[in-house]
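Q: no FASTA, just this:
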């Protein structure tokens, strides 16, 4: 069996499962973010009062945080009251950051786990060998009450990445290359597993970017098989080490297809408006005017991403026509960037630092006016996502973003990055 098949078999009490089979699975964790108030309201409306297992709930208020309207304040109050009344210990308020990063940093994600949540980018948990997938808020309510849900076992695709990135090229560029090649539905309801001689050298941060962006190819889930780096990342995070149970695919597992990528052949990539799959090499978009850059989101607001951007910006100042918004992915990341001087570099170069959270990726701050252009490290660039329907969003790596901020137009980071 593949990784997805093994995890779904284990969580549904079966010895084996096959693609296309519907299983009744019991998730280890169900995450809800700012939509928690919706799930709580559904629970109240149907008259349910008892949770199946409160320890399986995690709530993180990461979207539109802190509240910017009375309505958002009321919704967040509903979520806080629900968590307090039900005794939810895995509750993280508006200062904590983006749900996915917060939960992984807090040790709530382990290899072999099945995690569902109210965000499509739950696929990111596959960076630690867990099966993460998004569900709706009514489904969340159902899992709260029953402890289980139906899932269809996906077909699996194997992506083999060999070689090493050239200077100025990163995992974001790999994923934009794949999304452009395969399309937004190229892996629809599939499980993707990453292999190849490049994988052991990829940092956990790079793996997070890969499994996060895999969602934009339509995946149900995505995995980087757990290894020594996974264990190292979780060593001081998992409170109960017995939870560390890596799940690996069998040698004779069946895959729908294999896709090979030579990392050395890649160059910086940019997703152009208004679809993530509309990707182009940097040379085809270099020189495009920008009004704003946004360094944030669960795809690329990790500490390593901030370090990459700061390394390019150090000694430079952003162009006078550009606004640079920096939103660290979590409080832990922000503190690390503060203590290391990375945050100081970003501010001195002209950046505006906001509180940790989803920020402009979720349309909270950094709103664009008619005709304005933003270069973002987020995972989506749909029309109107950051304000005006007449604005445009391009997506890139933190390195391309930093180089572009300096130049005032979309620019090739290889001018600033050397081996």
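A: In hand now; what should we look at? Just so we're clear, the structure is a prediction, and the values are computed from it rather than from any experiment.

Q: Skipping adjacent residues, who's closest to residue 117 in space?
A: Once flanking residues are discounted, residue 117 sits nearest to residue 31: 3.1 Å by Cβ to Cβ, 6 or more residues apart in numbering. C-beta coordinates here come from the backbone N, C-alpha and C atoms, glycine included.

Q: can you give me the end-to-end distance of stretch 277-294?
A: With Cα to Cα, to the nearest Å as the measure, stretch 277-294 spans 19 Å from end to end.

Q: Report the contact partners of the residue nearest to residue 117.
A: Listed by Cβ atoms under 8 Å, 6 or more residues apart in numbering, the contact partners of residue 31 are 58-60, 99, 103, 115-119, 122.

Q: which one is residue 170 nearest to, not counting chain neighbours?
A: Residue 170 sits nearest to residue 397 (Cβ to Cβ, 6+ apart), 4.6 Å away.

Q: Also residue 226?
A: Of all residues not flanking residue 226 in the chain, residue 129 sits nearest, at 3.5 Å (Cβ to Cβ, 6+ apart).

Q: Show the pLDDT at that neighbour.
A: According to the prediction, residue 129 has pLDDT 97.

Q: what does the one 4 residues further on give?
A: According to the predicted model, the pLDDT of residue 133 comes to 96.

Q: Tell me the first helix or strand C-terminal of the helix or strand harbouring it.
A: Using DSSP states H and E, residue 133 falls within strand 131-134. Going down the chain from strand 131-134, the next helix or strand is helix 137-146, by DSSP H and E.

Q: The protein: helices as residue ranges?
A: Using DSSP state H, the helices of the chain run over 3-11, 36-45, 70-86, 99-105, 137-146, 171-182, 204-213, 228-234, 282-285, 303-313, 331-340, 342-348, 398-407.

Q: Deepest in the core, which of these is it.
A: Of all the helices of the chain, helix 398-407 has the most neighbours on average by mean count of other Cβ atoms under 10 Å, namely a mean of 28.

Q: which other helices and strands contact that one?
A: On a contact count with 3 or more Cβ pairs under 8 Å, 6 or more residues apart in numbering; DSSP states H and E, helix 398-407 meets strand 292-295, helix 303-313, strand 373-376.

Q: could the ones you listed go into CSV alongside mean pLDDT?
A: Listed next are these as CSV, based on pLDDT from 0 to 100:
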stretch, mean pLDDT
strand 292-295, 96
helix 303-313, 97
strand 373-376, 95
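
Q: Flag the shaky bits of the stretch 151-300 of the chain, pLDDT-wise.
A: Within the stretch 151-300 of the chain, no range satisfies pLDDT under 70.

Q: show me the residues around residue 271 that make contact.
A: Each residue near residue 271 by Cβ under 8 Å, 6+ apart is listed here: 176, 179-180, 277-279, 381, 394-396.

Q: Now do the same for the residue nearest to residue 15 when sequence neighbours are not counted: its pLDDT.
A: Distances taken as Cβ to Cβ, 6+ apart put residue 9 closest to residue 15, at 6.6 Å, once the chain neighbours are dropped. Residue 9 carries a pLDDT value of 98.

Q: Please report the distance of residue 9 from residue 196.
A: In this structure, residue 9 and residue 196 are 26 Å apart, going by Cβ to Cβ, to the nearest Å.

Q: rewinding a little: turn the helices and strands packed on helix 398-407 into JSON lines, including distance to residue 215.
A: Putting the helices and strands packed on helix 398-407 into JSON lines (distance: least, Cβ to Cβ, whole Å) gives the following:
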{"stretch": "strand 292-295", "distance to residue 215": "19"}
{"stretch": "helix 303-313", "distance to residue 215": "18"}
{"stretch": "strand 373-376", "distance to residue 215": "16"}
